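A.B. asks: Here's my sequence, what's the structure:
(chains A and B)
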Amino acid sequence: MKISIERAALLKAVSQAQSVVERRNTIPILANVLIEAEGEAVSFRATDLDIEVVDKTLAQVERAGATTVSAVLLHEIVRKLPDGALVQLTDDGASGRLTVEAGRSNFSLATLPREDFPVMATSEYTANFTASAVVLRRLFDKSKFAISTEETRYYLNGVFMHIADAEGGKVLRCVATDGHRLARIDADLPEGAADMPGVIVPRKTVGELRKLLEDDDVQIAVSVSETKVRFATPEITLTSKVIDGTFPDYTRVIPAGNTRKLEVDAAEFAKAVDRVSTVSSERSRAVKLSLDEDRLVLSVNAPDSGAAEEELAVAYGDERLEIGFNAKYLLEIASQVDRENAVFMFNSAGDPTLMREGNDTSAVYVVMPMRV
Amino acid sequence: MPQPQPAICRSCLAEFHAEPSAMLRCPECGNPRVLVHDELFDLSIAHMDCDAFYASVEKRDNPALQDKPVIIGGGKRGVVSTACYVARIKGVRSAMPMFQALKLCPDAVVVKPRMGAYVEASRAVRKMMDELTPKVEPLSLDEAFMDLTGTQKLHGHPPAVMLARLVKRMKDEVGVTGSIGLSHNKFLAKVASDLDKPRGFAIIGKAETPDFLRGKPVRMIWGVGPAFQASLEKAGLRTFDDILRWDRRELHERFGGMGDRLWHLARGEDYRRVSTNAPVKSISNETTFFEDTSDPDLLDGYIWRLAEQVSDRAKARDLAGRVVTLKLKRANFTALSRRLSLRDATQMADKIYHTARGLFDQVSDQGPFRLIGVGLSDLIPAQAADLTGDLLDPQAEQRSRAERATDSIREKFGKDAIVKGRSLR
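C.D. replies: Below you'll find the model as predicted:
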C-alpha cells in the first residue's frame, strides 16, 4: 500500500478512529485502525467491538492495499505534523512496518495483519430514513445530559430513540434519564421511520455521533434494527450495537397534574443559581427555591461555609412554595432552554417538577426535588 | 564509666536512676521488671496494644481456659479472629482458616466471639487511657495511640510511669494485659509495642532510631500489605536501608504519596498527629458460611442481613456512604469484589441491599462461595445523604419511611422486635 493524503483529511479520519478504540484493551488489534486503500479513496476503520466507525476520504492511491496500525500513535503523529503537510503512508507488506512520511519527518510504525481486524457483522436494518444534522443534534444534545452512569441499571446508560404518539401525531423521540432527572425530546417523524423499533443508543455512541453532526447542511442516513443502529454521512459511517435491555416506562414518570406555574428568564435564572450555589459544599449542592406572588428567592445554606440568597422577579401566581433542588440539575436543564422563558410546573416539595421552554412540549424535562 | 540513666520499676512504679545491667533490680521492691533508657522520661508518644485481647477476656471470664490454647473464631469453617499465646506457640495466627488452625493445634478450645464482652472491656480500658491524656486515638477495640506530651506537670510523673501504671491497672481492674510502645512518633511507637509482646514495654529513643531501623524490613510499616510489599520488592526495596538510597523525588514518582511517606519513615520521621477523632473510612461486615453455597436465596438473605448491619453502624455514627462494596470468597479461597459508586450517599439498609444485590447478580454464577461481605465507604455526614428521590422507583420513598419507622421500633423494643422476612432466609 502506498498513499498520499493531505494532513487535515488524515487528521480528521484518525481522530475519529482513535476516539473509538478502547484506551485500556487487552486485545492488541483493537488498538489499531484498519487502513484500506483502493481506487481513489482510503478508508480508516476502528472498532471497540460495540461501535465501528469507518471514515472514507479521497487520497492519491499509488498502490492499493491494507494494513493496521496503532490508532493513538498515528493520531499523535499526524496531530504534530505541520498544517498543510502532505503525508505519505507506505506499507511494503513484508517488513511489518508502516512508514509515515511528511516533509523531513519519517516514522516507522509496527503493524498487525489486516486479517486479524474484526469487522462488524452487517445487520438487516428494518428501518431506513434520513434526518438533517440539525434535527438529530437537537434530539441528542438536549437529552444526553440525563444519561445515567450507574452500571446496575445499564438500560439507562443511553438515549432511548423511538417512535411515540404525541399530541400532533407520531414523532421521533429521544428520552434519557438517570432517575433524578429526565429529558424527553421530540422531532417531526422523518419519512420511512414509522416502523423503527425503539433502541437504546449507548452513551459512547451518542458522543461519537455528535462528531458527525457539526455541519448543519448534512443529511444523515439512519438505519435501525433491533440490535444495531447506523448513522452515515457521505464520508463517515458509524455503526453501533444498541443496549440490550428494556427502557422503563417513562410516561408514568412525567407529571401531568402539576399546576403551580413559574415562568422565569432561563439565562437569568441559571446565572442566579450558579451564583448562590458558590457557597455550598461540593457534596450537597442544594438550592432552595422560595416562591411567592411573582417573586422567587433562591437560597443556599451551607453550615460549613456560609449562606447566600438572591431574589428574582418572575411570573408566579400560585400559593407559597418552598422546594429544594440539586444546583447542578437546575443548571443543566436551564441551559437547555434556547429561545424563550423556562416554564416550571410544580406540585409539592416532594414531587417531581416539570420544566419546558415556553409552551413548547417538544422538549420536556423532569427533575426530582431534594430535601432541604 | 557509663552514666546512670532514668529508670522505672514496672511493678511498684518507683522512679530512680541506674546504670543499665542485666542484673538490675528495683531498689525499692527488688523486682527485676525495670525499664532503663536514656530518653525514658522524655518520650511521650505511645501505642498500647492489648495482648490477644479477645482470648484474654475469655480466659478472664472462664478460668478453666487459663492454661489451654484458646482460639476465638466463628465455628469450624470460620477464620481465627484471635488466638491466645498458648495457641500461638503452635503456629496459630489471626485470619488463618479455622481448619488449618485446628490441624496445628488440635486440642485448642474454640470459642465463639462475644463482642459484647469485648466492647465492655475495651470501654473500661479506654476510660483509663482518657484519664492519662485527652489525645487518645483508638485504632480498634484493643489498640490505641496516646500522646502524653505535656502531661508530666498534671500527673506529677513522666509519661513512661503513667503508661506502666496503665497496663498495671488494666491487669488488675479489667483482667487483660497489654504491651506498650513508647517513642517519639506514631510509626515507631506502633513498631515498639510489638517488640516485646506480650506484657511488653519497649522504647525506641530518638538517638537510637537510625540504628534501630538499619536492616529492618519495610513490611514493618503498618499499612504495607503483601501487595504493596511486592511492588516495593520489584523496585528492589526490601529494607529501610534500600529506601535511604533512593532520593525523595524518585520515590514520589514511583509510589506517589506513599513514596513521600516511605522517605520520611526510613529516616524515622513521622509527623502524623495522634488525632482523637480519626475519621472512619469505611464500614463493612462479612460472614463465613458453615458450608460453601451458591444458593441465591440463601445468599440473598445474607446480603440483606449484612446490609442491615452495615446500615445500623452507619446510622449509629450519623454517617452515609457513596460506595457500596460486595466481597465474596470462593470455595478455593480466591477473592472477588465488586463496587459501585452511588450518585447520592446513603445510610439506608434498603439502598445498600439493592446495590449489593445488583453487584451480586453480576457474579452470582462464580460460586460456590465460602464468605460474603458488604461494605460502605466514601463516607460523609448523614445529613447530606438520601436527599433526592428516584423518579423510576417511586416506592423507594415509602420503603425508606418504613425503614425509619422500623428503626424507631427496634430502638424502643429491641433488635428482634421487628425483622424483615428476607432476613429469616
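A.B. asks: how about the residues of the stretch 101-250 of chain A near chain B?
C.D. replies: By Cβ under 8 Å from any Cβ of the partner chain, the residues of the stretch 101-250 of chain A that approach chain B are A:150-153, A:156, A:177-182, A:248. (Each C-beta comes from the backbone N, C-alpha and C, glycine too.)
A.B. asks: Can I get the residues you listed in TSV including secondary structure, pLDDT and neighbour count?
C.D. replies: Shown next, in TSV, are those (DSSP: H, G, I helix; E, B strand; the rest coil; pLDDT from 0 to 100; neighbours: other Cβ atoms under 10 Å in any protein chain shown):
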residue	secondary structure	pLDDT	neighbour count
A:Glu150	coil	80	16
A:Glu151	coil	75	14
A:Thr152	coil	74	16
A:Arg153	coil	83	18
A:Leu156	helix	94	25
A:Thr177	strand	96	25
A:Asp178	coil	92	21
A:Gly179	coil	91	22
A:His180	coil	91	24
A:Arg181	strand	93	26
A:Leu182	strand	96	24
A:Pro248	coil	94	18
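A.B. asks: Show me which of those residues is closest to B:Val79.
C.D. replies: Nearest to B:Val79 among these: A:Thr152, at 30.0 Å, using Cβ to Cβ.
A.B. asks: wait, the closest one sits on B:Gly358?
C.D. replies: Yes: at 3.7 Å, A:Thr152 counts as touching B:Gly358 under the criterion of Cβ atoms under 8 Å.
A.B. asks: Now for the two: what residues contact both?
C.D. replies: Common neighbours of A:Thr152 and B:Gly358, counting by Cβ atoms under 8 Å, 6 or more residues apart in numbering or on different chains, are B:Leu340.
A.B. asks: Which residue ranges of the stretch 201-350 of chain B form strands?
C.D. replies: For the stretch 201-350 of chain B, the strands defined by DSSP state E, counting those that start in this stretch cover B:201-203, B:282-293, B:319-330, B:335-346.
A.B. asks: what's the angle from the second one to strand B:319-330?
C.D. replies: The directions of strand B:282-293 and strand B:319-330 differ by 30 degrees, with axes from the mean of the first three to the mean of the last three Cα atoms, to 10 degrees as the criterion.
A.B. asks: got a list of what the closest residue to A:Met345 other than its chain neighbours touches?
C.D. replies: Distances taken as Cβ to Cβ, 6 or more residues apart in numbering or on different chains put A:Asn258 closest to A:Met345, at 3.9 Å, once the chain neighbours are dropped. Applying Cβ under 8 Å, 6+ apart to A:Asn258 gives the contacts A:345-347, A:351, A:353-354.
A.B. asks: Show me what the spatially most central residue of chain B bridges to in the sheet.
C.D. replies: In chain B, the C-alpha closest to the average C-alpha coordinate belongs to B:Ser140, at a distance of 4.1 Å (Cα atoms, centre = their mean). Beta bridges link B:Ser140 to B:Glu143, judged by DSSP bridges.
A.B. asks: quick one: it from chain A, how far?
C.D. replies: 28 Å (Cβ to the nearest Cβ, to the nearest Å).
A.B. asks: does the closest residue to A:Leu312 other than its chain neighbours count as helix, strand or coil?
C.D. replies: Spatial nearest neighbour of A:Leu312, excluding adjacent residues (Cβ to Cβ, 6+ apart): A:Leu296 at 4.6 Å. Following DSSP: H, G, I helix; E, B strand; the rest coil, A:Leu296 is assigned to strand.
A.B. asks: Could you pull out the buried residues of stretch B:113-120?
C.D. replies: For stretch B:113-120, the neighbour count (16 or more other Cβ atoms under 10 Å in any protein chain shown) marks B:113, B:118 as buried.
A.B. asks: And stretch A:91-102, by the same measure?
C.D. replies: Quick answer for stretch A:91-102 (16+ other Cβ under 10 Å): A:91, A:97-98, A:100-102.
A.B. asks: any idea how far it is from the chain center?
C.D. replies: 36 Å (Cα atoms, centre = their mean, to the nearest Å).
A.B. asks: what's that stretch in contact with?
C.D. replies: Residues contacting stretch A:91-102 (Cβ under 8 Å, 6+ apart): A:1-2, A:7, A:35, A:65, A:67, A:69, A:74, A:77-78, A:81-82, A:85-90, A:106-111.
A.B. asks: Kindly supply the ChimeraX command isolating those of those that are buried.
C.D. replies: A single ChimeraX command selects the buried members of the contacts of stretch A:91-102 (16+ other Cβ under 10 Å):
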select /A:1,2,7,35,65,67,69,74,77,78,81,85,87,88,89,90,107,109,111
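A.B. asks: Now do the end-to-end distance for stretch B:96-114.
C.D. replies: 19 Å (Cα to Cα, to the nearest Å).
A.B. asks: What are the buried residues along it?
C.D. replies: Buried-residue list, stretch B:96-114, by 16+ other Cβ under 10 Å: B:96-98, B:101-102, B:104-105, B:108-111, B:113.
A.B. asks: Mind putting the residues you listed into TSV with secondary structure, distance to chain A and pLDDT?
C.D. replies: Listed next are the buried residues of stretch B:96-114 as TSV, based on DSSP: H, G, I helix; E, B strand; the rest coil; distance: Cβ to the nearest Cβ, whole Å; pLDDT from 0 to 100:
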residue	secondary structure	distance to chain A	pLDDT
B:Met96	coil	35	85
B:Pro97	strand	32	84
B:Met98	helix	34	86
B:Ala101	helix	38	89
B:Leu102	helix	40	89
B:Leu104	helix	41	92
B:Cys105	coil	44	91
B:Ala108	coil	43	90
B:Val109	strand	45	91
B:Val110	strand	39	89
B:Val111	strand	40	89
B:Pro113	coil	33	81
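A.B. asks: which stretches of chain A form helices?
C.D. replies: Assigned by DSSP state H, the helices in chain A fall at A:7-20, A:71-80, A:133-141, A:203-210, A:266-276, A:327-334.
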